[in-house]
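Trainee: Sharing a model prediction with you, sequence too.
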Protein chains: 2
Amino acid sequence: MIFSVTILGCSSAIPTPVRSLSAQVVNVHEKLYLIDCGEGTQMQLRKFNIKAQRINHIFISHLHGDHYYGLIGLLTSSHLLGRTNPLHIYAEAKLKDIINIQFSASDTHLGYPLNFHDIDPTVHEKIFEDEKVTVYTIPLKHRLLTTGFLFKEKAGERNIRKDFVEKEHIPYSEFSKIKAGGDYISDSGLVFKNRDITIDPPEPRSFAYCSDTAYFEPIIPKIKHVDLLYHEATFMDDKKDKASENFHSTTIEAATIAKKAEVKRLILGHYSTRYDDLQLLLKEARSVFPNTELGEDGKVFEIEL
Amino acid sequence: MIFSVTILGCSSAIPTPVRSLSAQVVNVHEKLYLIDCGEGTQMQLRKFNIKAQRINHIFISHLHGDHYYGLIGLLTSSHLLGRTNPLHIYAEAKLKDIINIQFSASDTHLGYPLNFHDIDPTVHEKIFEDEKVTVYTIPLKHRLLTTGFLFKEKAGERNIRKDFVEKEHIPYSEFSKIKAGGDYISDSGLVFKNRDITIDPPEPRSFAYCSDTAYFEPIIPKIKHVDLLYHEATFMDDKKDKASENFHSTTIEAATIAKKAEVKRLILGHYSTRYDDLQLLLKEARSVFPNTELGEDGKVFEIEL
């Protein structure tokens, strides 16, 4: 089952001709979750053939405009396109007022339920779960209250060994009990222990989104060993002081967090508009954490089982 | 001196891959005025090489999102890019609250003065003038209170006949008096009447923006004889009832207004996303008003002297 992240935009503050503003789609078992929604996100979704109507949950990291100015347009277009499915937004409480004042001004009454879930960016806690994934906040260090998001896949069911199914002619009616961890008792009363007749399910996968933030070691235990980490890298190392002043990170800092958290793979993003050649940023980050890749608009990062 | 209109977007409600949302730049003698500002307008300005920092006046027709959702991003980017020049916004009063709540949420303090000028979309009145142009509201008929905008170039100074300047050796110090309409009295006391020694200045030019609106004849006297009329044509003639229900116009209706107002040239725009082939819309409109052209993203319409 798929677990992937599609970058819709990775420019910091201002869009460039090749980089849109922060937004990405997490696909967990064909359910789509949107993280951040800078201006133009609805156009980026269309450009990369992702149906906005498939997104039911939107997570907003903080209220700097480059992370949410596209939300009102996405919500409006979804309405105009006939959406009826509920849509859930996880963000600071103020966002609700920002959205509602605009719908009030245009006398818009959405054709679908829009549910706001207030999040507290100062604590690390579970804010969402369904049958496949759990989402946690990750308090970051930024000028505004800001949270990252940790997506943790739930452990799947145990797999019954095929050779055992064939040899013992296990009836289908017993499958769900065994997959859930139960033993199997044959017609003759013989007990087969679950550990002997099943295989561990695949290791659950995880993705952490950390933008915007200064270098901030308290996130390390929260993102420890994740399969994929998106960490902002607004600046190169020579702009370390500027990064710190503005509560942003450098390539080296992003890579250092990745290394200390022993994550499997790092994606950079949220680049300052001053950078045309992202290869220079990649090279710097790889000098600390080799398994680094560049986030770029339209790129899809799959986490293999 | 230039008088032109650049279409930045002409899609109705939802952007398409080739048509952005409502926004256009009026250039009067190299001063730029922005009308409407749908999502993505800052990207469109960049795409068509128009510097946002040259725009000092923004006119918003109404508070449907496709006409203003891009404003907050444009204002924010202008700030981040170091703007210090005052910026003036002409719109319904509510827009000020919509903008301010967002700047408050992000603790943004603009580096330039942002001046809101409340307009009353129910009356036809002068809302702006400088030395080159006067801007008037044009009440339209839409679901929300909506106004069009009429840009009227001011009459230039009279031109002194060159042959007269040469023959009579008119001193430069007399020029401004004569250009303003004064007679010339020679050293010998001979009076030259202004009408004999000057030529009329070029006819002042005018542009009217009418979007969004149902077919609405009361606008005709207000836009009579304009050089260029942008009139919305959301639907083709077979969707006349739908247009009326939604307070929009058809191609035929836009062209009928142009014909009855005896304008020189009509630009269509604000097309429903259902239309891929705009030539069909053009053909319909031309059947009523031949001097019709299609508004399309990036097209520049110059009004010749």
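Mentor: All right, it came through fine.
Trainee: what's the burial count for the residue of the stretch 101-250 of chain A at minimum distance from chain B?
Mentor: Per C-beta to the nearest C-beta, A:A105 is where the stretch 101-250 of chain A lies closest to chain B, at 4.4 Å. Glycine gets a C-beta too; all of them are placed from N, C-alpha and C. For A:A105, the neighbour count with other C-beta atoms under 10 Å in any protein chain shown is 19.
Trainee: Thought B:A91 was touching it, still the case?
Mentor: No - here A:A105 lies out of contact with B:A91, judged by C-beta atoms under 8 Å, at a distance of 10.4 Å.
Trainee: joint contacts of the two?
Mentor: Both A:A105 and B:A91 are in contact with B:L63, where contact means C-beta atoms under 8 Å, 6 or more residues apart in numbering or on different chains.
Trainee: Can you give the domain ranges for chain A?
Mentor: Split into domains by automatic domain parsing, chain A comes to A:3-156+A:202-302, A:159-199.
Trainee: Among these, show me which one is buried the most.
Mentor: Across the domains of chain A, averaging neighbours per residue (mean count of other C-beta atoms under 10 Å in any protein chain shown) puts domain A:3-156+A:202-302 on top, at a mean of 20.
Trainee: Report the contact partners of the residue of the stretch 101-250 of chain A closest to chain B.
Mentor: Contacts for A:A105 (C-beta under 8 Å, 6+ apart) come out as B:63, B:92, B:94-95, B:98.
Trainee: what do you get for A:K193?
Mentor: Counting by C-beta under 8 Å, 6+ apart, A:K193 touches A:D183.
Trainee: Okay, it and B:K167: tell me how far apart.
Mentor: Counting by C-beta to C-beta, to the nearest Å, the gap from A:K193 to B:K167 is 118 Å.
Trainee: do A:V191 as well
Mentor: To B:K167, A:V191 is 123 Å away according to C-beta to C-beta.
Trainee: which parts of the stretch 51-200 of chain A sit against chain B?
Mentor: Residues of the stretch 51-200 of chain A lying near chain B by C-beta under 8 Å from any C-beta of the partner chain: A:63-66, A:69-70, A:72-73, A:76-77, A:80-81, A:92, A:94-95, A:97-98, A:101-102, A:105-108, A:143-144.
Trainee: Could you tell me which of the contacts of A:A105 belong to helices?
Mentor: Among the contacts of A:A105, the members found in helices (DSSP state H) are B:94-95, B:98.
Trainee: Intersect those residues with the contacts of chain A.
Mentor: Of the residues in the ones in helices among the contacts of A:A105, proximity to chain A by C-beta under 8 Å from any C-beta holds for B:94-95, B:98.
Trainee: and of the residues you listed, the nearest to B:M236?
Mentor: For those, the residue nearest B:M236 by C-beta to C-beta is B:L95; the value is 32.0 Å.
Trainee: which residues touch the closest one?
Mentor: For B:L95, the contacting residues are A:105, B:60, B:63, B:68, B:71, B:89, B:116, by C-beta under 8 Å, 6+ apart.
Trainee: quick one: the closest residue to chain B within the stretch 151-300 of chain A from B:G111, how far?
Mentor: Among all residues of the stretch 151-300 of chain A, A:T273 sits closest to chain B, at 9.1 Å; criterion: C-beta to the nearest C-beta. Separation of A:T273 from B:G111 (C-beta to C-beta) stands at 17 Å.
Trainee: What's the separation between the residue of chain A positioned farthest from its centre and A:R161?
Mentor: Here chain A reaches farthest from its C-alpha mean at A:S188, the gap being 49.5 Å by C-alpha atoms, centre = their mean. Going from A:S188 to A:R161 by C-beta to C-beta gives 19 Å.
Trainee: Give me the spatial nearest neighbour of A:D237, chain neighbours excluded.
Mentor: By the measure of C-beta to C-beta, 6 or more residues apart in numbering or on different chains, the closest residue to A:D237 outside its immediate chain neighbours is A:I252, 4.7 Å from it.
Trainee: Helix, strand, or coil at the one you found?
Mentor: Applying DSSP: H, G, I helix; E, B strand; the rest coil to A:I252 yields a three-state assignment of helix.
Trainee: That one and A:K283 touch, don't they?
Mentor: No - at 11.0 Å, A:I252 and A:K283 do not qualify as touching, with contact defined as C-beta under 8 Å.
Trainee: mind checking the end-to-end distance for stretch A:31-48?
Mentor: End-to-end span of stretch A:31-48 (C-alpha to C-alpha, to the nearest Å): 16 Å.
Trainee: Do any residues in that stretch lie close to chain B?
Mentor: Yes - Stretch A:31-48 lies within reach of chain B by C-beta under 8 Å from any C-beta, at A:39-40, A:42-43, A:46-47.
Trainee: ok, the nearest residue to A:Y184 once chain neighbours are set aside - contacts?
Mentor: Using C-beta to C-beta, 6+ apart and skipping the chain neighbours, the partner closest in space to A:Y184 is A:F192 (4.5 Å). Contacts for A:F192 were tallied using C-beta under 8 Å, 6+ apart; they are A:164, A:168, A:183-186.
Trainee: Let me have these in TSV, extended by pLDDT.
Mentor: Formatted as TSV, those follow (pLDDT from 0 to 100):
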residue	pLDDT
A:F164	88
A:E168	87
A:D183	94
A:Y184	94
A:I185	93
A:S186	90
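Trainee: Cool, thanks, signing off.
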